[in-house]
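Undergrad: structural data only, the sequence is not supplied:
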């Protein structure tokens, strides 16, 4: 094994340059007035935290949390029955349906967003084919549907993974011991799928929380979300004083949230079986 | 007069084109220890699942305590199951696994604790109450499964090869414990196994099954000593089975010789199967033996030797404590009462 360790070196370099180093920069930017466009010294400061006082940032944050919570709860309510039904099917049917579920994920997300953009437009191939249009582009509804469609598979997959592995005889055992369908579900199936539920929630919640291309394209700028705000800080306002620092502060806070979430997954799902 | 608790009448069950049980009739008395014994795939587990309510019969009636229960959900039946490979709840500890059925029935807390604790004591797991299932050995898990079932005080306990995963020593201990429990609790046990020794050891009644049909029902002694046909004789212990002809009442001819026997009621000249258990042969000096042969092989089996003797191209298997060397000429003797004559098995349709 020692001889093989050298093979890991490129990976270490990769991790250091592309993950560790940027994170260090992010922290540095967050707590200083460092700027790439203002060469010279920099001072450490907590003043960048004032960005959270900005009304648009607050609105974006609350929007993001609202949509992320809503999307993950809706995904759960739709995804759980779907995942459960999938496990009861014949192996061949199961595979076909899983492929249908997974296949779109291989398409680039921007392409899928563009597809939704077309569907929600007044004139599109969709309206030509079906004879009616859903012109909801730029509304909250478009963002809701778009996010749900985008991240629902990430709820179904971990749920399917735990439910499919669950020993079906446990359900028989519960019934044998007098439990009706509801009791069987609440006392056996639900607790045994806890790890999948947590993974599913995190895997739908986090990406919807940080989504920026989707709300921008489908909601135009009517539904400001935190990802869009970060993007704005770095790209649109990049030359303004403290802009990238404030972008970094927001990014860092979202990142801290992600890390906490993954610690939670690690706690409930020790084998990591529900992560893809 | 014993009371019939469960009755299966003309039950048919098929999975797709595969008919597992066909015109299956069986009744089980109260407080009886009944074993369904047969090779894998003979329909015994299906029979158990029908009684437990996990399958519904395609045809026929299942009667429990005088009422047809074909469509009764498993959770409404006064029957509990000890599943093959246990099916314990991995997210609950030992105590909660056992308490599961009582919690569903909303048994008061004090009574629940008392019943779970005493049941755990019965299966000798009182010190394991807070352990998680994953940390238990196979034998301990098996006892949790039994405790989880009997704590509900069901009228009937179904056991599906519960000892299959255990090693020989533990299996024998558990056989004894299960039998003791059944006596103490007065519960009807329906036990499924493919292990003939287990069936003979534990049961009041043994039901021999093959290909979805009952071949013989009887006490372990009946089944062993008076097998109905070639299949039963072969399945229950080792047997020498010979083709023979019934010459007259109490006289049978096989292997080219006439033997006295204790069977009667056959047609004169009827073709029969003759069973002689390996332990029923005795060695005698070759001059006195009706059958004389040569020792072909010898195996030491612990309690006894297994000796194969070749007599006129027929092979006889003999279990004996007496040693004979390979190549020895031996005479064989068998008591008339140990010659068991069976009707030929009806050819399969």
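TA: The structure has been received and is ready for your questions. In this text, all values refer to a predicted model and were calculated from it rather than measured experimentally.
Undergrad: other SSEs contacting the biggest helix by length in chain A?
TA: What stands out as the longest helix in chain A, according to DSSP state H, is helix A:55-87. Identification of packing neighbours for helix A:55-87 by 3 or more Cβ pairs under 8 Å, 6 or more residues apart in numbering or on different chains; DSSP states H and E yields helix A:91-102, helix A:140-165, helix A:194-210, helix A:226-231. Using the backbone N, CA and C atoms, a C-beta is placed for each residue, glycine as well.
Undergrad: now do the next helix or strand after the second one: which elements does it pack against?
TA: Put plainly, it is helix A:140-165. Of the helices and strands lying after helix A:140-165 in sequence (DSSP states H and E), the nearest is helix A:169-176. With contacts taken as 3+ Cβ pairs under 8 Å, 6+ apart, helix A:169-176 sits against helix A:181-184, strand B:79-82.
Undergrad: so for residue B:254, what's the nearest residue that isn't a sequence neighbour?
TA: Counting by Cβ to Cβ, 6 or more residues apart in numbering or on different chains, residue B:244 is the residue found nearest to residue B:254 once chain neighbours are left out, at 3.2 Å.
Undergrad: before we move on, the earlier item: tabulate the helices and strands packed on helix A:55-87 (CSV), appending distance to residue B:239, mean pLDDT and mean neighbour count.
TA: What follows is these, written out as CSV (distance: least, Cβ to Cβ, whole Å; pLDDT from 0 to 100; neighbours: other Cβ atoms under 10 Å in any protein chain shown):
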stretch, distance to residue B:239, mean pLDDT, mean neighbour count
helix A:91-102, 43, 92, 12
helix A:140-165, 45, 93, 22
helix A:194-210, 54, 90, 23
helix A:226-231, 79, 90, 23
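Undergrad: reformat these as JSON lines; add distance to residue A:181.
TA: What follows is the helices and strands packed on helix A:55-87, written out as JSON lines (distance: least, Cβ to Cβ, whole Å):
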{"stretch": "helix A:91-102", "distance to residue A:181": "22"}
{"stretch": "helix A:140-165", "distance to residue A:181": "15"}
{"stretch": "helix A:194-210", "distance to residue A:181": "19"}
{"stretch": "helix A:226-231", "distance to residue A:181": "41"}
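Undergrad: please name whichever of those helices is nearest to chain B.
TA: Chain B sits nearest to helix A:194-210 of all the helices and strands packed on helix A:55-87, at 7.9 Å, using Cβ to the nearest Cβ.
Undergrad: next secondary structure after the closest one?
TA: Going down the chain from helix A:194-210, the next helix or strand is helix A:213-218, by DSSP H and E.
Undergrad: if we can go back for a sec, was I right to think the residue nearest to residue B:254 contacts residue B:276?
TA: No. Using Cβ atoms under 8 Å, residue B:244 is not in contact with residue B:276; the gap is 10.6 Å.
Undergrad: tell me which of the helices and strands packed on helix A:169-176 sits most buried.
TA: Most buried of the helices and strands packed on helix A:169-176 by mean neighbour count (mean count of other Cβ atoms under 10 Å in any protein chain shown) is strand B:79-82; its value is a mean of 27.
Undergrad: and residue 241, how many neighbours?
TA: Just going to use chain A. 12 (other Cβ atoms under 10 Å in any protein chain shown).
Undergrad: that's the wrong chain, I meant chain B
TA: The number of residues packed near residue B:241 is 17, by other Cβ under 10 Å.
Undergrad: cool, and the one 10 residues further on?
TA: Summarising burial for residue B:251: neighbours were counted as other Cβ under 10 Å, giving 16.
Undergrad: so for residue B:284, which of the helices and strands packed on helix A:55-87 sits nearest?
TA: Closest approach to residue B:284 among these is made by helix A:91-102 (62.9 Å; Cβ to Cβ).
Undergrad: can you tell me what sits against whichever helix or strand comes after the closest one?
TA: Counting by DSSP H and E, the next helix or strand C-terminal to helix A:91-102 is helix A:109-119. Residues outside helix A:109-119 that contact it (Cβ atoms under 8 Å, 6 or more residues apart in numbering or on different chains) are A:104, A:124-126, A:134, A:137, A:142, A:145-146, A:149-150, A:213-214, A:217-218.
Undergrad: intersect the residues you listed with the contacts of chain B.
TA: Among the contacts of helix A:109-119, not one lies near chain B by Cβ under 8 Å from any Cβ of the partner chain.
Undergrad: specify the local secondary structure of residue B:62.
TA: Following DSSP: H, G, I helix; E, B strand; the rest coil, we place residue B:62 in the strand state.
Undergrad: try residue B:238
TA: Applying three-state DSSP: residue B:238 is coil.
Undergrad: any idea how far residue B:11 is from it?
TA: 33 Å (Cβ to Cβ, to the nearest Å).
Undergrad: go on, residue B:289?
TA: 50 Å.
Undergrad: same check on residue B:221?
TA: Plainly put, residue B:221 is 28 Å away from residue B:11 if you go by Cβ to Cβ.
Undergrad: ok, those two, which is more surrounded?
TA: Comparing residue B:221 with residue B:11 by other Cβ under 10 Å, the one with more neighbours is residue B:11, at 25 against 10.
Undergrad: where does the chain dip in pLDDT?
TA: Going with chain A. Flagging of chain A using pLDDT under 70 yields the residue ranges A:1, A:36-40, A:269-276.
Undergrad: that was the other one, I meant chain B.
TA: Along chain B, segments meeting pLDDT under 70 span B:1, B:345-349.
Undergrad: now residue A:59: closest residue in space, sequence neighbours ignored.
TA: Using Cβ to Cβ, 6+ apart, the closest residue to residue A:59 is residue A:224 (5.8 Å).
Undergrad: now the one you found. Its backbone dihedrals?
TA: phi -70, psi 130 (degrees, to the nearest 10).
Undergrad: count of residues packed around it?
TA: The tally of other residues near residue A:224 (other Cβ under 10 Å) stands at 20.
Undergrad: nearest the middle, which residue of the chain would you pick?
TA: Unless you meant another one, I'm taking chain A. Among the residues of chain A, the one closest to the centroid is residue A:207, at 1.9 Å (Cα atoms, centre = their mean).
Undergrad: the intended chain is chain B.
TA: In chain B, the residue lying closest to the centroid (Cα atoms, centre = their mean) is residue B:199, at 3.1 Å.
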